[in-house]
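*Asks:* Task: produce atomic coordinates for the following.
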Amino acid sequence: MAREIERATASLCDDEVAELRRSNAGLQQRLDEALAERDEALRRETATAEVLQVINFSPGDLRPVFEVILEKAMHLCGFAFGTLWTCDGDSWRPMVHRGLPLRFAEFLEHDPPVPQPNPGTVSALVRAGESQPTLSRRPPANQADLNCS
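*Replies:* Here you go, the predicted structure:
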C-alpha cells in the first residue's frame, strides 16, 4: 500500500512538474516578446531623439536632417540602401540617398525619374504626398506599379 501511495505521489509530482515547465515556457515566450517590443520601441525613440537633435542644430538647413532621417530609417528597417524623396506640389525629387550604386546615385542627382502611379494602383510616393505615413520594405511586385518617365 505504501508503494502505491508513493507511485501515485510521484506521478502527481511528475504531472505538476510537467505543467510548471509548460507554464514557464509560455511565460518565457511572453517575456521574450515583451522585451523585443521594448527594445524596438527604444530603438525608435533613440532614432527620433537623434533626428530631433540634428533639427535643433540645423536651423534652416534641412539636408542634414534628411540625411539623419534616412540613416535612422535604414538602420531600423535593416535596409542596405535608400533614398529620401521630397514633394513640392506635383514635383518629386530625391533629397538624399545612401548606399546606392554610384551610377544610379549620379542619375538620381542629375535626371531623376518622375514617378507616376498607374491607373488602379497607388504608389508609396503618392500615399506619402497625401500625408499618409508609408515605408516599403520591398520593391513593387512588378515594375508596372510605378511608371517612371
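*Asks:* packing partners for the single longest helix found in the chain?
*Replies:* Secondary structure of the chain per DSSP state H: the longest helix is helix 2-57. Helix 2-57 sits against helix 63-77, with contacts defined as 3 or more C-beta pairs under 8 Å, 6 or more residues apart in numbering; DSSP states H and E. Glycine gets a C-beta too; all of them are placed from N, C-alpha and C.
*Asks:* how about the helix it packs on as CSV, C-alpha atoms only?
*Replies:* Output in CSV follows, covering the C-alpha atoms of helix 63-77 (Å, rounded to 0.1, in the frame of the first residue of the first chain):
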residue,chain,number,x,y,z
ARG,A,63,19.7,68.4,-45.8
PRO,A,64,21.5,67.2,-42.6
VAL,A,65,18.0,66.4,-41.1
PHE,A,66,17.0,64.4,-44.2
GLU,A,67,20.4,62.5,-44.1
VAL,A,68,19.8,61.5,-40.4
ILE,A,69,16.2,60.6,-41.1
LEU,A,70,17.2,58.3,-43.9
GLU,A,71,20.1,56.8,-41.9
LYS,A,72,17.9,56.0,-39.0
ALA,A,73,15.1,54.6,-41.1
MET,A,74,17.6,52.4,-43.0
HIS,A,75,19.1,51.2,-39.7
LEU,A,76,15.7,50.5,-38.0
CYS,A,77,14.4,48.6,-41.1
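*Asks:* tell me which residues in that helix are buried?
*Replies:* By 16 or more other C-beta atoms under 10 Å, the buried positions in helix 63-77 come out as 65-74.
*Asks:* helices or strands next to it in the packing?
*Replies:* Secondary-structure packing of helix 63-77 (3+ C-beta pairs under 8 Å, 6+ apart): helix 2-57, strand 82-88, strand 91-98.
*Asks:* next structured bit after the last one?
*Replies:* Which is strand 91-98. helix 102-110 (DSSP states H and E).
*Asks:* Give me the most central residue, this structure.
*Replies:* In the chain, the C-alpha nearest the mean C-alpha coordinate belongs to C77, at 3.6 Å (C-alpha atoms, centre = their mean).
*Asks:* do you know how far that one is from A47?
*Replies:* Separation of C77 from A47 (C-beta to C-beta, to the nearest Å): 11 Å.
*Asks:* Likewise for H75?
*Replies:* Computed as C-beta to C-beta, the H75 to A47 distance reads 7 Å.
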